[in-house]
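**Q** I'd like to go over a predicted model; first the sequence, then the structure.
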There are 2 protein chains.
Amino acid sequence: MTEVERGYVCAPWELRWQGLSVEQLQRTESTFALSNGHIGMRGTLEEAEPRGLPGTYLNGFYEEHELPYAEAGYGYPEAGQTVVNVSDGKIIRLLVEDEPLDMRYGHATAHHRVLDFRSGTLRRETDWTSPTGRRVRVRTERLVSFTQRAVAAIRYEVEPLDGDVQLVAQSDMLTNEPIESDAADPRVAAALESPLAGEYAKAEDYRAVLVHRTKRSGLRMAAAMDHQIETTDGLRTDIEVEENLARLTIAVDVPTNGKLRITKYLAYGWSAQRSIPALRAQVDAALAGALQTGWDGMLAEQREFLDRFWDTADIELDGDPGLQQAIRFALFHVLQAGARGESRAIPSKGLTGPGYDGHAFWDTESFVLQVLTYTLPDTARDALRWRHSTLDKARDRARQLGRRGAAFPWRTIDGAECSAYWPAGTAAFHVNADIADALVRYLNATNDTEFERQYGTELLLETARLWISLGHHDPHGGFRIDGVTGPDEYTAVVDNNVYTNLMAQRNLRAAADSCDRHPDIAELFGVDHIETAGWREAARKMRVPYDQMLEVHPQSERFTEHAKWDFAATPARNYPLLLHYPYFDLYRKQVVKQADLVLAMHLRGDVFSLEQKKRNFSYYERLTVRDSSLSAGTQAVLAAECGHLDLAYDYLAEAALTDLADLHNNVRNGLHIAALAGSWLATVAGFGGMRDHDGELAFQPRLPAALDRIAFRMCFRDSRFVVEIRPELTTYRLLSGKPFTIKHYGNPVTVCEEPTTLPLPELEPMERPAQPAGRGPTRRRGRARR
Amino acid sequence: MTEVERGYVCAPWELRWQGLSVEQLQRTESTFALSNGHIGMRGTLEEAEPRGLPGTYLNGFYEEHELPYAEAGYGYPEAGQTVVNVSDGKIIRLLVEDEPLDMRYGHATAHHRVLDFRSGTLRRETDWTSPTGRRVRVRTERLVSFTQRAVAAIRYEVEPLDGDVQLVAQSDMLTNEPIESDAADPRVAAALESPLAGEYAKAEDYRAVLVHRTKRSGLRMAAAMDHQIETTDGLRTDIEVEENLARLTIAVDVPTNGKLRITKYLAYGWSAQRSIPALRAQVDAALAGALQTGWDGMLAEQREFLDRFWDTADIELDGDPGLQQAIRFALFHVLQAGARGESRAIPSKGLTGPGYDGHAFWDTESFVLQVLTYTLPDTARDALRWRHSTLDKARDRARQLGRRGAAFPWRTIDGAECSAYWPAGTAAFHVNADIADALVRYLNATNDTEFERQYGTELLLETARLWISLGHHDPHGGFRIDGVTGPDEYTAVVDNNVYTNLMAQRNLRAAADSCDRHPDIAELFGVDHIETAGWREAARKMRVPYDQMLEVHPQSERFTEHAKWDFAATPARNYPLLLHYPYFDLYRKQVVKQADLVLAMHLRGDVFSLEQKKRNFSYYERLTVRDSSLSAGTQAVLAAECGHLDLAYDYLAEAALTDLADLHNNVRNGLHIAALAGSWLATVAGFGGMRDHDGELAFQPRLPAALDRIAFRMCFRDSRFVVEIRPELTTYRLLSGKPFTIKHYGNPVTVCEEPTTLPLPELEPMERPAQPAGRGPTRRRGRARR
C-alpha cells in the first residue's frame, strides 16, 4: 500500500483510516478508542499485535506509587495515583491454516477502520493473504455500550476468500499485559509492571471470569467474557483459565462461502470495598443482561443513544468538510469521556490513554463541562457530584495548607492531591473557582434546585471559605489574593492573578446567593449573615490590577513590567518551552503558555469593556505560544468577539484538529479532551458568541468568510434549540420544550418553534493580531480540503 | 555522676565537658571535632562506642547519588553529592583483663574532655573501673595538624590505678563503618551504605595502608597509620589487614606505676585521578614526615600555628566569661573549617558532620570569608581560588539556564549544582554577587594584585555578565532583576530583591573597575569598553524598590503589601515554619526566615541613610523569625548600628552559642560555621562598627552595658592591629606592619604603634524593637554566668 493510500479519509459522520501503518498505530489507537466514561478501550487491533500501546481502563481504578522528592517539603503528597491497564478482553487472535494473522507478515490487500459517530462502533475490514497464500476477509465491529455501562461487545467475522480454510480463533482476556511505560520515574514504571494480583479465576463453556486486585491501592476488579459462535458444523472449542489469562479456543473448518462469526460480550466492574463473590456476581449479571439484549439489540440501543445526543448537540459547518468531520469527532469523544462516568472524574484524556497518569484537572470543569452542560446536562451533574464526593479530602487538604473551607486538588484520580510540583499542587487554587463556576453554570442551565440543595450550596460555601482565608484586605482597601498560580503555567506563584481574582469574585457572590436561597443549608454548615456579608465585601473589593500606561490588564500584578520573552531568538525546536528552558526564566518573563487573562475575558467577559478586550487580546496574542492544548479554543472565542473572524476560524481548526493532526506530538498517550471541548467553545461561544453570565443566554453570532453556514444545537432548561448562522442572518428555532428568552446582540428574543431570523451587524475590517514568531495558528483554507 | 556535674565548663581558652552523658554524645562529637580544613574528625571516643555518629571526612571527597523527581523539570540536576565517612583511623579499643573499655559498662569515676584552643588538641581523661573491678586511667590527646595537612595523630596512654594489669589495645582503621543515616531519601541512604570499595590493603610491622574508591563518583582515597609504642617489656604485637579493616593488636602486662603509651600517626589523601601506587606513596610519605617530626614536634608546630592565629584574630570580651569562651570556640572552628582547605570549598558545616550533605553554600563567601579575610587572609584567597577552579562548571550552568557569564551553584561539593529545589537551585543568583563581594573585600584587604590578575578579574567579569543577562532595562528607565530568590528563604522567586540588586550593582561596578585596571585580561575574555559601559549603566539604573507610604524598603517588589504572617496564631512548636507550613503560604506573606534587607543594610550600608536603617531594621525585626542560623549575627550588626546595643548583645550571644547551646537542635549533624563566623561579625562589625565599603576600613565602636571591654585583633594589608573598646573610649594600636589610615566615626585616624585613644559619641536611649511573639533572642545577663 503506498503512502497516499494510507491515512484518515474525510467524511461527515465517521473517522476512517485507510491502509495500515505500523508506525502510526499508536496515533489511531487513541483516536479510535471507545469509551462510555466508565470503560475505555484503546483502538488496538483485535489480534493484539502489532500495537502501539494496549489499554483497557476503568474510570477511577488506579494503582498507587510513592512520590519521590530529592528535597521534600511540608504538604507535598506522598502517594501518586496512576491509571492501570486492566484485563484486556478485546483480544481475538486468529490462525489461518496455522499461520497467525499478523499485519506485519503475509500481505493485506485491503484494510480500513471506521469509527462511526452515529452507530457508536469501531469497524474494521481486512483482506489478508497469509505467507502461504491463504486469503481471508476479517470484519470486526466493537462497541463500549452507552446504555449498559458495564458492558462492551465485539462482533468478529472471518470468511475465506478462496477455498476452504481451517481457522483457529483464540478469544483472550489477558491481565498484566507487558507494556512499555513512558514514565520517566522508575517508581511509576515499577508500580505499573504487573500491577494486578490474581484473586479468582474461573472458566466454563464459553464463559470466563477473572478477579484481580491492585497491589498497593487495594482496589478490586472483575472482568468476564462470554461468547456466541455461529459457523458451520464441526466446531471444536476449549476454554482454559489461569491467573492472568482466560482463553476460549475455537477451531473450525470453514468452506468457501462459509463464515466464522464470534460475538464476544465483556463485562467489567471494580470496587474498593466489595468482596470477590460480589464483584463476580456483578459482572456475571452484566453479561447476562448483554446476552439478553443480544448483539443487534446492543447496536440498536447504541444508535438510539447517539441519535438523541446528536439531536441535542450536533454542529454543522458548511463549507469545510474536514472541519465538519473534526468537530463531530471532537463532540463524539467529549461524549465518550463523560457519558457514564457517573460518580467518577472525567480525566483529561478521558479513557483513551495513560497520559497524565489518568488524572483529572481543572480542564474538566472549565472546558468539558461547558459542553456537557448544554448538550447532556446529566453528565455535567454527575461530574459535579463526583467533586462533591471528594469534599472531605478537599477539606483535609485545605486544613493541611492552613486554609478554611475546601481546597480541591490540582490533579487526582480519587480526590487526593497527586501533584508533586508545589507551584501547581498547592498554589493553583483557581481550580476551586472553576468548579464553582461550572456548578453555577449547571444550576442556571437546568434549574436543578434539588442538586443545589443536596450538593451545590455546600460546594459553593466551602470554596468561598477557601477564598476568604486565602486573600486579605490590604491597607489600600482592596482584597488581594497573593502567591497563587493562574491558568498560564509559564507564570507561577504571583499576586492578584486577574483570572483567579475574578473567578473567586464570582465564587464568593454565588456562594452568598446560594446561602441566601437556602438558609437552612447555610445554617447546617454554620454560615451566618456576617459570613456571607464578608464574602460579598471581599468580592466587591477584589483587586484587578490594570496597567494605566499600557492600557491593558496585566495577567497578574506587574506582569507587564517584566521582560518580554525573546521569541526571535527561540528556535522552533525549542517548543514546548518548558522542555528547553528553566522555570525561573519562563516565570519571570512575559511569555504565556495558554490563555489566562484571555480566558478571564471569556468566562468573566461581563467585567471587561469591548475596547479593553480588544487591547488585551491583541497584547496577549503577541505573548501566547500555545504550548498547552487548552489555549486555542479560548483564543478562538475572544478572537471572534474582538472581530478577528479569520483568526478565530484558524483557532477553531487548531482546537478541533488537536488530535487528528497530532499537533502536540503525543496523541499516542491519549486524546486532549478539553482541547476537543474547546472546538465546541470556539464554535458556540466564538462564532455563536454565546455567553451565559448570570444565568442568561446571550448570542452575538458571526460567520467567518470560509464557511457558508454554521448550525449548532443546545439544550437549556429542558428546551432544545438550534442556532443557524448564515452570512448576514441568524435563525433561532426551538426543537423541543418550552419557549424561552435569549439575547441577540443585547436584544431580548424569544426562541420558539417558529424560527426567528435576525440580521447580523456588520464588522469593520480589523488588522489581524500578531503571534510570537512561528507560533501563529496554521491558516486554514476553507473549502479546499484533503 | 549526677546531672549537675555533667556538661560544659566555662573557661577562657578551652571547651571542657565534664562527665559522660551517652545521650549527649552527638552534641559533643560536633563541638569536639578536629579539622584542618582538609581532614575532619568528629569527637567520637577512641574506643568507637558508645557513639552518636562517627565521622572522618576529607574535604571534597564525596559519593554521587541520583536525585529523584516525581515531576522533573528542565535544568534540574540529575546527580547529588554527599560527603562520605572515610576510613576511620581514630579508633583505639582497649581490653582491661579481657573486659572491653566501654563507658556504658563498668564505672567511670572521672571523665572529662577538653578542646584546647591554643594547643589545637582534644584531650580526654577517664578513670574507669571494669565490671570485674580493675581500675585504669586512660589519657588521650589528638590533633589534626594545621602544619602537616595530610596528617592526624593520637597519643593514647593507659595506666593501672591499682595493681598489675593485662592490657590489649586494638588500633584500628575501619572502612564503611555502619552509620545510621538521617537522609530522608532512601537513595541517599543507599549511596552511603558501604560507599567505598577496597582497592588495596597492606600491613607490616606497625604500619598499614588501605586504598578505597567510591562506587559511583569514582574518587580514590588512601589512609595509612603507623605507631610508636612505649611500655614495659613483654610487648606482643600483631598486625592484620582485610579489605575494610587494618588492625594493630598490642598485648602487654603493665605493672603498677607502669604505663602503656601508644602514639598513632594517620595520613590521608584522595584524588580523582591519581593511581593506587601514587596515592599509597602520598600517604606513606606523609606518615614518614609525621614520624620524623614526632609527637612533641607535632604539638609544638600546632601551638605555634595557633599562637600566630590568636595574635591576629583574638577577641577579648571582658565581663562575660561564657561569651568569651563561646567566641573563641567560634573562631577556633572557623579557623578549623578554613585553614588548609586550599583548593577545596569550605562546607557550611566545615568538616564537623554530615549535615547538608557536606555542601558549601553562599554562607562561605558572605560570612566565613569576612572573618578569614581579616584574620587569615591566605585562607580566604584559597577559598576564592576554589570558586575560580569551578568556573567552567559555572559557565556551563549559566549556559544551561540561558544566561551569559557564570552561574555558581546554590549547593555543591565539586562545583556542580546539587540543589533539587529550583527556587533555590536556579533562582538564588545572589550567590554570584556574594562571591564577587568576598573577592573585592579580599583584594581591598590585601592588595593582592597577582591574585586579581590570575583569578579575580575573570571571576568579576563572568559574574557581571550573568547580571546583565539576568536583568533588563524596563520602560521606566530602571534596571530590573526579576524572578530571583534572595537570602530570605521564606520568600522566593521575586522581582527586584533589594539585597540581590544592590549586591549585583557592586558586582557590576567592581567588574568594570577591574577590567579598567587590567585591560589586557579584559581583552583576553572579549570585554570591551562598550561592555563595561553597559555594566556601569545597569549599575547606575539598578532598581531599588521603596514603599513611600510606609517609608521602608520592601525586601523585594511589593513585599510590604503582602499579608503579615499571623505570629500570634503560630505556636512555638511550629517553628521552624518550613516544617509546618507550605511554601506557597510562607512565600506570599510578610515573614522573614533570615536577614535579607537587613543583610543588604550591612553589606551595602553605603546606600542607606541612618534614618532608613533605623526604620527598616525596626520593620523587619517584627517579621524575622530566625529559623536560619545565618541571621542573628547580621541582626546584631544592624542593631548595634541603629543604637540597640542590648539587643545587639543578645544577638551576638545567640550567634556565638548557636552550637554550644544547640539552638537549632541539630548540632549532631555538624556545626553552623557561618553562624559562628556571625559572632565575629557581631563583635567586629556590630560593636566595632567596622565597615569596609570601597576598600576603606571604618569603625564606629560602641560598648554594650553588659561588657567592660572589647578588644579585637585584625589584619589589613600586612598590618596587624588591635581595637580596644571601653565604655567611653576606643584605642587603636598597630601590632605589626606599617601604619595605615582608618576612619573613626567618619574621621580619619592613623593606626600606628603609639596607641590612639578616641572618645565615643553618646547614644540617645532608644526603644528596643519588637520581634515576632516568642521569637526574640534570649536576654543575656552579662557577668552572671554558669
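**A** Right, received. Where do you want to start?
**Q** from here on, contacts and neighbour counts on C-alpha atoms
**A** Noted.
**Q** can you give me the strands in the stretch 1-150 of chain A?
**A** Using DSSP state E, counting those that start in this stretch, the strands found in the stretch 1-150 of chain A span residues A:7-9, A:14-18, A:34-35, A:39-41, A:56-58, A:62-66, A:79-83, A:88-96, A:99-100, A:107-116, A:121-129, A:135-144.
**Q** Tell me which helix or strand the closest residue to chain B within the stretch 601-750 of chain A sits in.
**A** Ranked by Cα to the nearest Cα, the top residue of the stretch 601-750 of chain A for proximity to chain B is A:Asp627, at 15.1 Å. In this structure, A:Asp627 sits in neither a helix nor a strand according to DSSP states H and E.
**Q** What strand or helix carries the spatially closest residue to A:Gly258 that is not a sequence neighbour?
**A** Of all residues beyond its chain neighbours, the one nearest A:Gly258 is A:Glu159 (6.3 Å), with distances taken as Cα to Cα, 6 or more residues apart in numbering or on different chains. Secondary structure from DSSP H and E places A:Glu159 in strand A:151-160.
**Q** Contacts for that strand, please.
**A** A:90, A:135-145, A:254-268, A:286-287, A:290, A:295 (Cα atoms under 8 Å, 6 or more residues apart in numbering or on different chains).
**Q** what do you get for stretch A:613-628?
**A** The set of residues external to stretch A:613-628 that reach it, using Cα under 8 Å, 6+ apart, is A:551-553, A:564-565, A:575-577, A:590-595, A:597-598, A:601, A:632, A:638-639, A:642, A:769-772, A:775.
**Q** Now, these that are in strands?
**A** Per DSSP state E, strands hold the following members of those: A:Lys564, A:Gln590.
**Q** Pull out the buried members of the contacts of stretch A:613-628.
**A** Restricting these to buried positions leaves A:552-553, A:564-565, A:575, A:577, A:590-595, A:597-598, A:601, A:632, A:638-639, A:642, A:769, A:771-772, A:775, with burial counted as 16 or more other Cα atoms under 10 Å in any protein chain shown.
**Q** re earlier: run a quick neighbour tally on the residue nearest to A:Gly258.
**A** Summarising burial for A:Glu159: neighbours were counted as other Cα atoms under 10 Å in any protein chain shown, giving 23.
**Q** centre of the chain versus the helix or strand hosting A:Asp585, how much separation?
**A** Assigned by DSSP H and E, A:Asp585 belongs to helix A:583-587. Mean-position distance between helix A:583-587 and its chain equals 29 Å (Cα atoms, centre = their mean, to the nearest Å).
**Q** Repeat that for stretch A:103-120.
**A** If you compare the mean C-alpha spot of stretch A:103-120 with that of the full chain, they lie 25 Å apart, counting by Cα atoms, centre = their mean.
**Q** Check which residues of it are buried.
**A** Taking 16+ other Cα under 10 Å as the neighbour-count basis, stretch A:103-120 is seen to contain the buried residues A:103, A:106-108, A:111-120.
**Q** Now flag whichever of the residues you listed is closest to chain B.
**A** A:Leu115 (35.2 Å).
**Q** Count the residues that sit near the closest residue to the closest one other than its chain neighbours.
**A** Using Cα to Cα, 6+ apart and skipping residues adjacent in sequence, the residue nearest A:Leu115 is A:Leu122, 4.5 Å away. Using other Cα under 10 Å, A:Leu122 has 23 other residues around it.
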